[in-house]
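>>> have a look at this fold, sequence not included:
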(Lines give C-alpha, C1' and ligand atoms only; values in the text may rest on other atoms or scores of the structure.)
Protein backbone atom coordinates (compact mmCIF):
# COMPACT_ATOMS: atom_id res chain seq x y z
CA UNK A 1 0.00 0.00 0.00
CA UNK A 2 1.23 3.47 -0.91
CA UNK A 3 0.42 6.28 1.51
CA UNK A 4 1.09 9.96 1.81
CA UNK A 5 1.11 12.38 4.74
CA UNK A 6 -1.96 14.57 5.08
CA UNK A 7 -1.28 17.90 3.36
CA UNK A 8 -1.22 19.74 6.72
CA UNK A 9 1.30 17.37 8.36
CA UNK A 10 5.09 17.91 8.37
CA UNK A 11 7.80 15.82 10.06
CA UNK A 12 10.37 17.56 12.22
CA UNK A 13 13.18 16.92 14.71
CA UNK A 14 15.24 19.14 17.01
CA UNK A 15 18.03 18.82 19.52
CA UNK A 16 16.50 16.87 22.46
CA UNK A 17 13.22 16.41 20.50
CA UNK A 18 14.31 14.16 17.63
CA UNK A 19 10.92 12.82 16.50
CA UNK A 20 7.91 15.09 16.09
CA UNK A 21 5.36 16.45 13.65
CA UNK A 22 3.55 19.72 13.01
CA UNK A 23 -0.02 20.17 11.87
CA UNK A 24 -0.25 23.41 9.91
CA UNK A 25 -2.23 25.94 11.92
CA UNK A 26 -1.45 24.27 15.27
CA UNK A 27 1.34 25.98 17.18
CA UNK A 28 2.87 23.11 19.14
CA UNK A 29 4.59 20.13 17.54
CA UNK A 30 3.62 16.70 18.82
CA UNK A 31 6.16 14.07 19.82
CA UNK A 32 6.56 10.68 18.19
CA UNK A 33 8.43 7.49 18.93
CA UNK A 34 11.27 6.48 16.64
CA UNK A 35 9.04 3.71 15.22
CA UNK A 36 6.19 6.14 14.51
CA UNK A 37 8.51 8.68 12.92
CA UNK A 38 10.12 6.01 10.77
CA UNK A 39 6.78 4.81 9.44
CA UNK A 40 5.50 8.34 8.75
CA UNK A 41 8.78 9.13 6.95
CA UNK A 42 7.94 6.36 4.49
CA UNK A 43 4.45 7.76 3.85
CA UNK A 44 5.81 9.68 0.87
CA UNK A 45 4.14 8.01 -2.12
CA UNK A 46 7.37 6.18 -2.91
CA UNK A 47 7.40 3.26 -0.44
CA UNK A 48 5.14 0.22 -0.68
CA UNK A 49 4.09 -0.24 2.95
CA UNK A 50 2.92 -3.50 4.51
CA UNK A 51 -0.30 -3.27 6.46
CA UNK A 52 0.14 -2.99 10.23
CA UNK A 53 -1.80 -1.84 13.31
CA UNK A 54 0.31 1.32 13.44
CA UNK A 55 -0.41 2.12 9.79
CA UNK A 56 -4.12 1.61 10.37
CA UNK A 57 -3.99 3.87 13.41
CA UNK A 58 -2.46 6.70 11.37
CA UNK A 59 -5.02 6.17 8.60
CA UNK A 60 -7.90 6.32 11.07
CA UNK A 61 -6.44 9.45 12.68
CA UNK A 62 -6.30 11.17 9.28
CA UNK A 63 -2.55 11.79 9.49
CA UNK A 64 -1.97 9.83 6.28
CA UNK A 65 -4.09 8.76 3.31
CA UNK A 66 -3.77 6.08 0.64
CA UNK A 67 -2.28 7.41 -2.59
CA UNK A 68 -1.04 6.35 -6.00
CA UNK A 69 2.60 5.41 -6.39
CA UNK A 70 4.67 8.45 -7.23
CA UNK A 71 2.45 11.09 -5.58
CA UNK A 72 4.87 13.64 -4.13
CA UNK A 73 5.02 15.34 -0.77
CA UNK A 74 5.24 19.11 -0.60
CA UNK A 75 8.76 20.23 0.33
CA UNK A 76 7.40 21.65 3.59
CA UNK A 77 6.15 18.21 4.66
CA UNK A 78 9.41 16.32 4.25
CA UNK A 79 11.42 15.39 7.37
CA UNK A 80 13.70 18.18 8.57
CA UNK A 81 16.17 18.09 11.44
CA UNK A 82 17.50 21.12 13.31
CA UNK A 83 20.59 21.50 15.47
CA UNK A 84 18.93 24.11 17.70
CA UNK A 85 16.46 23.66 20.56
CA UNK A 86 12.73 23.43 19.82
CA UNK A 87 10.77 26.70 19.67
CA UNK A 88 7.48 26.70 17.72
CA UNK A 89 6.50 30.39 17.85
CA UNK A 90 7.99 33.81 17.05
CA UNK A 91 6.40 36.96 18.51
CA UNK A 92 7.91 39.60 16.25
CA UNK A 93 7.72 43.40 16.60
CA UNK A 94 8.43 44.30 13.00
CA UNK A 95 8.47 48.05 13.75
CA UNK A 96 8.59 50.34 16.75
CA UNK A 97 6.75 53.09 14.89
CA UNK A 98 3.19 53.83 15.93
CA UNK A 99 0.56 56.39 15.01
CA UNK A 100 -0.38 56.56 18.70
CA UNK A 101 1.78 57.50 21.69
CA UNK A 102 0.34 55.16 24.32
CA UNK A 103 0.95 56.15 27.92
CA UNK A 104 1.76 52.57 28.99
CA UNK A 105 3.59 50.91 26.07
CA UNK A 106 5.56 47.95 27.46
CA UNK A 107 7.87 47.90 24.43
CA UNK A 108 9.23 51.35 25.35
CA UNK A 109 12.07 52.14 27.74
CA UNK A 110 10.89 55.76 28.11
CA UNK A 111 8.61 58.33 26.45
CA UNK A 112 10.82 58.78 23.39
CA UNK A 113 9.27 57.68 20.06
CA UNK A 114 10.43 54.23 18.90
CA UNK A 115 11.55 54.85 15.33
CA UNK A 116 13.59 51.74 14.60
CA UNK A 117 12.18 48.90 12.52
CA UNK A 118 13.33 45.89 10.51
CA UNK A 119 14.63 46.67 7.02
CA UNK A 120 13.29 44.54 4.21
CA UNK A 121 16.56 42.59 4.03
CA UNK A 122 16.44 41.98 7.80
CA UNK A 123 12.84 40.80 7.49
CA UNK A 124 13.72 38.24 4.84
CA UNK A 125 16.76 37.08 6.78
CA UNK A 126 14.72 36.51 9.94
CA UNK A 127 11.99 34.63 8.06
CA UNK A 128 14.64 32.40 6.48
CA UNK A 129 16.09 31.82 9.95
CA UNK A 130 12.63 30.80 11.20
CA UNK A 131 12.57 28.12 8.51
CA UNK A 132 16.10 27.02 9.43
CA UNK A 133 15.10 26.70 13.11
CA UNK A 134 11.83 24.83 12.60
CA UNK A 135 9.61 27.66 13.81
CA UNK A 136 6.07 27.21 12.53
CA UNK A 137 3.93 30.04 13.93
CA UNK A 138 4.30 33.83 13.77
CA UNK A 139 2.67 36.68 15.69
CA UNK A 140 3.14 40.10 14.11
CA UNK A 141 3.21 43.05 16.46
CA UNK A 142 4.84 46.46 16.95
CA UNK A 143 4.63 49.41 17.51
CA UNK A 144 1.80 49.31 15.03
CA UNK A 145 2.78 46.50 12.64
CA UNK A 146 0.64 47.80 9.78
CA UNK A 147 2.77 50.96 9.73
CA UNK A 148 5.72 48.94 8.43
CA UNK A 149 6.10 49.93 4.74
CA UNK A 150 6.33 46.25 3.74
CA UNK A 151 3.65 44.88 6.08
CA UNK A 152 1.66 43.04 3.41
CA UNK A 153 4.87 41.83 1.78
CA UNK A 154 5.91 40.35 5.14
CA UNK A 155 2.55 38.58 5.34
CA UNK A 156 2.99 37.21 1.81
CA UNK A 157 6.54 36.03 2.52
CA UNK A 158 5.34 34.19 5.64
CA UNK A 159 2.66 32.41 3.66
CA UNK A 160 5.15 31.60 0.87
CA UNK A 161 7.33 29.81 3.46
CA UNK A 162 4.29 28.15 5.08
CA UNK A 163 4.95 30.06 8.27
CA UNK A 164 1.50 30.34 9.83
CA UNK A 165 0.57 33.86 10.95
CA UNK A 166 -1.63 32.98 13.91
CA UNK A 167 -2.07 36.46 15.40
CA UNK A 168 -1.71 40.12 14.51
CA UNK A 169 -1.60 42.71 17.31
CA UNK A 170 -2.90 46.06 16.09
CA UNK A 171 -4.62 49.25 17.17
CA UNK A 172 -6.92 48.80 14.18
CA UNK A 173 -6.25 52.15 12.51
CA UNK A 174 -5.05 50.75 9.20
CA UNK A 175 -7.24 47.67 8.76
CA UNK A 176 -9.08 47.88 5.45
CA UNK A 177 -11.58 45.72 3.62
CA UNK A 178 -8.99 45.12 0.87
CA UNK A 179 -6.40 43.93 3.42
CA UNK A 180 -8.83 41.47 4.98
CA UNK A 181 -9.82 40.21 1.53
CA UNK A 182 -6.16 39.47 0.83
CA UNK A 183 -5.86 37.60 4.12
CA UNK A 184 -8.74 35.41 2.95
CA UNK A 185 -7.17 34.95 -0.48
CA UNK A 186 -3.97 33.74 1.21
CA UNK A 187 -5.99 31.22 3.22
CA UNK A 188 -5.14 32.85 6.54
CA UNK A 189 -7.04 31.88 9.69
CA UNK A 190 -5.58 34.68 11.77
CA UNK A 191 -6.72 35.96 15.16
CA UNK A 192 -6.79 39.75 15.03
CA UNK A 193 -6.04 41.26 18.43
CA UNK A 194 -7.26 44.84 18.70
CA UNK A 195 -6.52 47.19 21.58
CA UNK A 196 -9.60 48.80 23.12
CA UNK A 197 -9.39 50.30 26.59
CA UNK A 198 -12.99 50.82 27.51
CA UNK A 199 -15.98 52.87 26.42
CA UNK A 200 -15.09 56.53 26.60
CA UNK A 201 -11.54 55.95 27.86
CA UNK A 202 -9.56 54.57 24.93
CA UNK A 203 -8.39 57.93 23.56
CA UNK A 204 -6.78 58.89 26.88
CA UNK A 205 -4.55 55.84 27.27
CA UNK A 206 -3.65 55.80 23.57
CA UNK A 207 -2.90 59.53 23.75
CA UNK A 208 -4.77 60.19 20.47
CA UNK A 209 -8.19 61.74 19.81
CA UNK A 210 -10.27 59.43 17.63
CA UNK A 211 -8.47 56.24 18.65
CA UNK A 212 -11.66 54.71 20.09
CA UNK A 213 -13.66 55.31 16.94
CA UNK A 214 -10.93 53.67 14.84
CA UNK A 215 -10.76 50.63 17.12
CA UNK A 216 -14.53 50.03 17.06
CA UNK A 217 -14.59 50.46 13.27
CA UNK A 218 -11.83 47.85 12.93
CA UNK A 219 -13.58 45.40 15.25
CA UNK A 220 -16.81 45.66 13.28
CA UNK A 221 -15.03 45.28 9.95
CA UNK A 222 -13.08 42.21 11.07
CA UNK A 223 -16.25 40.54 12.31
CA UNK A 224 -18.13 41.42 9.10
CA UNK A 225 -15.32 39.76 7.14
CA UNK A 226 -15.45 36.60 9.25
CA UNK A 227 -12.24 36.97 11.26
CA UNK A 228 -11.84 36.02 14.89
CA UNK A 229 -11.18 38.98 17.16
CA UNK A 230 -9.67 39.27 20.61
CA UNK A 231 -9.99 42.65 22.26
CA UNK A 232 -7.14 43.65 24.57
CA UNK A 233 -8.28 46.01 27.32
CA UNK A 234 -6.03 47.74 29.82
CA UNK A 235 -7.73 48.37 33.15
CA UNK A 236 -6.75 51.11 35.59
CA UNK A 237 -8.52 53.26 38.16
CA UNK A 238 -9.79 55.64 35.51
CA UNK A 239 -11.80 53.10 33.50
CA UNK A 240 -12.91 50.55 36.11
CA UNK A 241 -16.45 51.87 36.04
CA UNK A 242 -16.93 50.99 32.34
CA UNK A 243 -15.47 47.48 32.34
CA UNK A 244 -18.82 45.69 32.56
CA UNK A 245 -20.37 47.80 29.82
CA UNK A 246 -17.25 47.32 27.69
CA UNK A 247 -17.47 43.52 27.97
CA UNK A 248 -21.19 43.70 27.17
CA UNK A 249 -20.55 45.82 24.08
CA UNK A 250 -17.80 43.51 22.81
CA UNK A 251 -20.12 40.54 23.30
CA UNK A 252 -22.81 42.35 21.31
CA UNK A 253 -20.32 42.94 18.48
CA UNK A 254 -19.55 39.20 18.33
CA UNK A 255 -15.99 39.42 19.66
CA UNK A 256 -14.76 35.95 20.64
CA UNK A 257 -12.58 36.98 23.56
CA UNK A 258 -11.69 39.96 25.70
CA UNK A 259 -8.45 40.07 27.65
CA UNK A 260 -8.53 42.51 30.55
CA UNK A 261 -5.00 43.47 31.57
CA UNK A 262 -3.90 45.32 34.66
CA UNK A 263 -1.92 48.28 33.31
CA UNK A 264 1.39 47.34 34.84
CA UNK A 265 4.63 48.89 36.05
CA UNK A 266 6.43 49.30 32.73
CA UNK A 267 8.94 52.17 32.43
CA UNK A 268 6.55 54.31 30.37
CA UNK A 269 3.51 53.71 32.62
CA UNK A 270 5.58 54.59 35.68
CA UNK A 271 6.29 57.96 34.07
CA UNK A 272 2.75 58.64 32.84
CA UNK A 273 0.27 56.71 34.96
CA UNK A 274 0.24 58.94 38.03
CA UNK A 275 -2.10 57.39 40.61
CA UNK A 276 -4.09 55.42 38.00
CA UNK A 277 -2.26 52.11 38.51
CA UNK A 278 -4.29 49.58 40.47
CA UNK A 279 -2.58 47.99 43.46
CA UNK A 280 -2.46 44.21 43.20
CA UNK A 281 -5.15 43.43 45.80
CA UNK A 282 -7.23 46.33 44.48
CA UNK A 283 -7.03 44.71 41.04
CA UNK A 284 -8.04 41.31 42.41
CA UNK A 285 -10.97 42.70 44.39
CA UNK A 286 -12.37 44.77 41.53
CA UNK A 287 -11.97 41.91 39.07
CA UNK A 288 -13.88 39.61 41.44
CA UNK A 289 -16.68 42.15 41.52
CA UNK A 290 -16.64 42.35 37.73
CA UNK A 291 -16.77 38.57 37.38
CA UNK A 292 -19.71 38.35 39.79
CA UNK A 293 -21.70 40.56 37.42
CA UNK A 294 -20.49 38.91 34.20
CA UNK A 295 -21.36 35.32 35.16
CA UNK A 296 -24.97 36.31 35.87
CA UNK A 297 -25.45 37.31 32.21
CA UNK A 298 -25.95 35.31 29.01
CA UNK A 299 -22.75 36.57 27.43
CA UNK A 300 -20.96 34.28 24.97
CA UNK A 301 -17.63 36.08 25.04
CA UNK A 302 -14.61 34.33 26.54
CA UNK A 303 -13.10 36.45 29.33
CA UNK A 304 -9.40 36.36 30.20
CA UNK A 305 -8.58 38.48 33.25
CA UNK A 306 -4.81 38.72 33.12
CA UNK A 307 -2.96 36.88 35.89
CA UNK A 308 -6.26 36.24 37.69
CA UNK A 309 -8.94 34.10 36.03
CA UNK A 310 -10.13 32.90 32.65
CA UNK A 311 -13.60 31.59 31.87
CA UNK A 312 -15.48 30.41 28.82
CA UNK A 313 -19.29 30.42 28.89
CA UNK A 314 -19.41 28.10 25.85
CA UNK A 315 -17.61 25.27 27.66
CA UNK A 316 -18.49 26.11 31.27
CA UNK A 317 -14.80 25.91 32.23
CA UNK A 318 -12.74 28.33 34.30
CA UNK A 319 -9.06 28.55 35.25
CA UNK A 320 -6.99 30.32 37.87
CA UNK A 321 -4.49 32.20 35.71
CA UNK A 322 -1.68 32.23 38.34
CA UNK A 323 -1.65 28.41 38.36
CA UNK A 324 1.33 27.67 36.12
CA UNK A 325 0.99 23.90 36.05
CA UNK A 326 -1.02 20.93 37.25
CA UNK A 327 0.26 19.96 40.69
CA UNK A 328 0.22 16.27 39.91
CA UNK A 329 2.54 16.84 36.95
CA UNK A 330 5.05 19.15 38.64
CA UNK A 331 8.70 18.66 37.67
CA UNK A 332 11.78 20.47 38.98
CA UNK A 333 12.91 20.85 35.36
CA UNK A 334 9.85 22.94 34.42
CA UNK A 335 11.05 26.20 32.81
CA UNK A 336 10.53 29.42 34.79
CA UNK A 337 8.04 30.56 32.13
CA UNK A 338 6.32 28.08 29.84
CA UNK A 339 5.29 30.87 27.50
CA UNK A 340 8.86 32.08 27.11
CA UNK A 341 10.03 28.51 26.55
CA UNK A 342 7.78 28.17 23.52
CA UNK A 343 7.70 31.71 22.15
CA UNK A 344 10.67 33.77 21.01
CA UNK A 345 10.03 37.48 21.64
CA UNK A 346 11.84 39.81 19.24
CA UNK A 347 11.62 43.59 19.71
CA UNK A 348 11.70 46.15 16.90
CA UNK A 349 15.40 46.66 17.66
CA UNK A 350 16.10 42.97 17.10
CA UNK A 351 16.71 42.44 20.81
CA UNK A 352 15.40 39.24 22.36
CA UNK A 353 13.68 39.05 25.74
CA UNK A 354 11.85 36.20 27.50
CA UNK A 355 8.60 37.97 26.52
CA UNK A 356 7.68 41.22 24.85
CA UNK A 357 6.29 42.51 28.15
CA UNK A 358 9.89 42.57 29.36
CA UNK A 359 11.30 44.33 26.29
CA UNK A 360 11.02 47.88 27.64
CA UNK A 361 12.08 46.87 31.15
CA UNK A 362 15.16 45.03 29.87
CA UNK A 363 16.07 48.00 27.63
CA UNK A 364 15.75 50.35 30.62
CA UNK A 365 17.92 48.05 32.76
CA UNK A 366 20.51 47.50 30.02
CA UNK A 367 19.94 43.73 29.97
CA UNK A 368 20.81 42.11 26.64
CA UNK A 369 20.53 38.44 25.76
CA UNK A 370 20.82 38.42 21.97
CA UNK A 371 19.93 40.37 18.86
CA UNK A 372 18.66 38.76 15.65
CA UNK A 373 19.88 41.70 13.55
CA UNK A 374 23.42 40.90 14.66
CA UNK A 375 23.42 37.12 15.22
CA UNK A 376 21.54 34.42 13.27
CA UNK A 377 18.57 33.12 15.25
CA UNK A 378 19.69 29.53 14.68
CA UNK A 379 22.95 30.37 16.49
CA UNK A 380 21.10 32.04 19.40
CA UNK A 381 18.83 29.00 19.82
CA UNK A 382 21.80 26.63 19.87
CA UNK A 383 23.25 28.12 23.07
CA UNK A 384 24.03 31.32 24.96
CA UNK A 385 22.48 33.87 27.30
CA UNK A 386 19.01 33.88 25.76
CA UNK A 387 18.68 30.11 25.73
CA UNK A 388 20.00 29.89 29.30
CA UNK A 389 17.38 32.40 30.46
CA UNK A 390 14.31 30.82 28.84
CA UNK A 391 15.25 27.21 29.63
CA UNK A 392 16.11 28.04 33.25
CA UNK A 393 14.38 25.55 35.58
CA UNK A 394 12.04 26.73 38.33
CA UNK A 395 14.42 25.31 40.92
CA UNK A 396 16.62 28.37 40.34
CA UNK A 397 13.74 30.55 41.51
CA UNK A 398 13.16 28.45 44.62
CA UNK A 399 16.89 28.41 45.38
CA UNK A 400 16.87 32.22 45.15
CA UNK A 401 13.85 32.69 47.44
CA UNK A 402 13.52 31.05 50.84
CA UNK A 403 9.85 32.07 50.97
CA UNK A 404 9.18 29.86 47.93
CA UNK A 405 10.93 26.80 49.35
CA UNK A 406 8.60 26.63 52.34
CA UNK A 407 5.38 27.60 50.52
CA UNK A 408 2.52 25.12 50.15
CA UNK A 409 1.58 26.72 46.83
CA UNK A 410 4.97 26.24 45.17
CA UNK A 411 3.95 23.45 42.79
CA UNK A 412 1.16 25.59 41.33
CA UNK A 413 2.82 29.00 41.53
CA UNK A 414 6.47 28.15 40.79
CA UNK A 415 7.51 31.66 41.77
CA UNK A 416 5.01 33.43 39.51
CA UNK A 417 5.56 35.64 36.47
CA UNK A 418 9.13 36.70 35.64
CA UNK A 419 7.93 39.91 33.95
CA UNK A 420 5.99 40.99 37.04
CA UNK A 421 8.76 40.04 39.44
CA UNK A 422 11.30 42.01 37.39
CA UNK A 423 9.01 45.04 37.09
CA UNK A 424 8.32 45.05 40.84
CA UNK A 425 11.80 44.26 42.16
CA UNK A 426 14.35 44.64 39.35
CA UNK A 427 15.36 41.01 39.95
CA UNK A 428 14.48 38.38 37.32
CA UNK A 429 14.72 35.58 39.89
CA UNK A 430 12.79 37.29 42.68
CA UNK A 431 9.46 35.74 43.63
CA UNK A 432 6.42 37.44 42.12
CA UNK A 433 4.72 39.31 45.01
CA UNK A 434 1.39 39.40 43.19
CA UNK A 435 1.17 35.61 43.31
CA UNK A 436 1.79 35.54 47.06
CA UNK A 437 -1.18 37.88 47.37
CA UNK A 438 -3.28 35.64 45.11
CA UNK A 439 -2.59 32.24 46.65
CA UNK A 440 -2.17 33.22 50.29
CA UNK A 441 -5.06 35.68 50.05
CA UNK A 442 -7.51 32.89 49.27
CA UNK A 443 -8.49 34.09 45.81
CA UNK A 444 -8.81 30.55 44.44
CA UNK A 445 -11.63 29.89 46.90
CA UNK A 446 -13.19 33.26 46.22
CA UNK A 447 -13.15 32.59 42.46
CA UNK A 448 -14.78 29.22 43.16
CA UNK A 449 -17.50 31.03 45.10
CA UNK A 450 -18.18 33.36 42.16
CA UNK A 451 -18.71 30.48 39.74
CA UNK A 452 -20.80 28.53 42.23
CA UNK A 453 -23.36 31.35 41.92
CA UNK A 454 -23.14 31.72 38.13
CA UNK A 455 -26.19 31.60 35.89
CA UNK A 456 -24.88 28.46 34.18
CA UNK A 457 -22.80 25.59 35.63
CA UNK A 458 -19.01 25.94 35.60
CA UNK A 459 -16.19 23.64 36.61
CA UNK A 460 -12.57 24.43 37.44
CA UNK A 461 -10.09 22.75 35.09
CA UNK A 462 -7.03 23.21 37.32
CA UNK A 463 -5.38 20.56 39.48
CA UNK A 464 -4.32 22.27 42.71
CA UNK A 465 -3.73 19.07 44.69
CA UNK A 466 -4.20 19.31 48.45
CA UNK A 467 -3.39 23.03 48.65
CA UNK A 468 -5.74 25.17 50.67
CA UNK A 469 -7.72 27.25 48.19
CA UNK A 470 -8.95 29.42 51.06
CA UNK A 471 -5.45 30.83 51.56
CA UNK A 472 -3.47 31.49 54.70
CA UNK A 473 -4.35 33.74 57.59
CA UNK A 474 -1.94 36.62 58.12
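Right, received. Where do you want to start? Remember, predicted model here, so these are calculated numbers, not experimental data.

>>> tell me the domain ranges of the chain?
Domain ranges of the chain: 2-81, 89-278+324-329, per automatic domain parsing.

>>> just the ones you listed: most buried one?
domain 89-278+324-329 (a mean of 19; mean count of other Cβ atoms under 10 Å). In this view, the C-beta of every residue, glycine as well, is placed from N, C-alpha and C.

>>> ends of it, what's the gap?
By Cα to Cα, to the nearest Å, the extent of domain 89-278+324-329 from end to end equals 24 Å.

>>> same question for stretch 183-195.
Across stretch 183-195, the terminal residues are separated by 20 Å (Cα to Cα).

>>> if we can go back for a sec, what would the domains of the chain look like in JSON lines with distance to residue 444 and mean pLDDT?
Shown next, in JSON lines, are the domains of the chain (distance: least, Cβ to Cβ, whole Å; pLDDT from 0 to 100):
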{"stretch": "domain 2-81", "distance to residue 444": "27", "mean pLDDT": "98"}
{"stretch": "domain 89-278+324-329", "distance to residue 444": "12", "mean pLDDT": "95"}
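
>>> closest to residue 372 out of those?
domain 89-278+324-329 (5.7 Å; Cβ to Cβ).

>>> quick one: the helices in the stretch 251-400 of the chain?
For the stretch 251-400 of the chain, helices defined by DSSP state H, counting those that start in this stretch occupy the ranges 267-272, 280-294, 338-342, 359-365, 377-380, 385-390, 395-400.

>>> least reliable of those helices going by mean pLDDT?
Of all those, mean pLDDT reaches its minimum on helix 267-272 (a mean of 86).

>>> which strands or helices does it pack on?
With contacts taken as 3 or more Cβ pairs under 8 Å, 6 or more residues apart in numbering; DSSP states H and E, helix 267-272 sits against helix 359-365.

>>> quick one: low-confidence parts of the stretch 351-474 of the chain?
Scanning the stretch 351-474 of the chain for pLDDT under 70 picks out 473-474.

>>> rewinding a little: possible to save the domains of the chain as JSON lines with distance to residue 456?
Listed next are the domains of the chain as JSON lines, based on distance: least, Cβ to Cβ, whole Å:
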{"stretch": "domain 2-81", "distance to residue 456": "29"}
{"stretch": "domain 89-278+324-329", "distance to residue 456": "15"}
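
>>> ok so, going back, which one of the helices of the stretch 251-400 of the chain lies closest to residue 151?
With respect to residue 151, and counting by Cβ to Cβ, the nearest of these is helix 359-365 at 19.9 Å.

>>> quick check: buried residues in the closest one?
359, 360, 361, 362, 363, 364 (16 or more other Cβ atoms under 10 Å).

>>> can I get those residues in JSON lines including distance to residue 66?
Output for these, formatted as JSON lines (distance: Cβ to Cβ, whole Å):
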{"residue": "359", "distance to residue 66": "49"}
{"residue": "360", "distance to residue 66": "54"}
{"residue": "361", "distance to residue 66": "54"}
{"residue": "362", "distance to residue 66": "52"}
{"residue": "363", "distance to residue 66": "55"}
{"residue": "364", "distance to residue 66": "59"}
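
>>> closest to residue 307 among these?
Ranked by distance to residue 307 (Cβ to Cβ), these are led by residue 361 at 16.0 Å.

>>> which SS class is residue 427?
coil (DSSP: H, G, I helix; E, B strand; the rest coil).

>>> an error on my part: the question was meant for residue 436.
Relying on three-state DSSP, one would call residue 436 helix.

>>> tell me the contacts of it?
403, 416 (Cβ atoms under 8 Å, 6 or more residues apart in numbering).

>>> from residue 377, how far out is it?
Residue 436 sits 36 Å away from residue 377, taking Cβ to Cβ, to the nearest Å as the criterion.

>>> before we move on, what about residue 98?
Computed as Cβ to Cβ, the residue 98 to residue 377 distance reads 25 Å.

>>> go on, residue 193?
Computed as Cβ to Cβ, the residue 193 to residue 377 distance reads 24 Å.

>>> what's the answer for residue 470, then?
Applying Cβ to Cβ to residue 470 and residue 377 gives a distance of 46 Å.

>>> more neighbours: those two, which one.
residue 377 (24 against 13; other Cβ atoms under 10 Å).

>>> give the closest residue to the more buried one in space, chain neighbours not counted.
residue 129 (4.0 Å; Cβ to Cβ, 6 or more residues apart in numbering).

>>> same question for residue 397.
In space, and not counting its chain neighbours, residue 397 is closest to residue 415: 3.6 Å by Cβ to Cβ, 6+ apart.

>>> same deal with residue 227?
Closest to residue 227 by Cβ to Cβ, 6+ apart is residue 192, at 5.3 Å.

>>> again, but for residue 127
residue 157 (5.5 Å).

>>> go ahead and confirm the one you found touches residue 120.
No - in this structure residue 157 lies outside contact range of residue 120 using Cβ atoms under 8 Å: 9.6 Å.

>>> now do residue 306 against residue 242, distance only.
In this view, residue 306 and residue 242 are 17 Å apart by Cβ to Cβ.

>>> also residue 63?
Taking Cβ to Cβ as the measure, residue 63 falls 48 Å from residue 242.

>>> could you do residue 203 as well?
Residue 203 is 13 Å from residue 242, by Cβ to Cβ.

>>> for residue 65, same thing?
Taking Cβ to Cβ, one finds residue 65 at 52 Å from residue 242.

>>> give me every residue that touches residue 225.
Listed by Cβ under 8 Å, 6+ apart, the contact set of residue 225 reads 177, 180, 181, 184.

>>> one more time with 6 Å
residue 180 (Cβ atoms under 6 Å, 6 or more residues apart in numbering).

>>> now the residue most central in space within the chain: closest residue in space, sequence neighbours ignored.
With distances taken as Cα atoms, centre = their mean, the residue of the chain nearest its centroid is residue 339 (6.8 Å). Excluding the flanking residues, the one nearest residue 339 by Cβ to Cβ, 6+ apart is residue 355, at 6.3 Å.

>>> sorry, back to before: from the buried residues of helix 359-365, which is closest to residue 393?
Residue 393 has its nearest neighbour among the buried residues of helix 359-365 in residue 362, at 20.8 Å by Cβ to Cβ.
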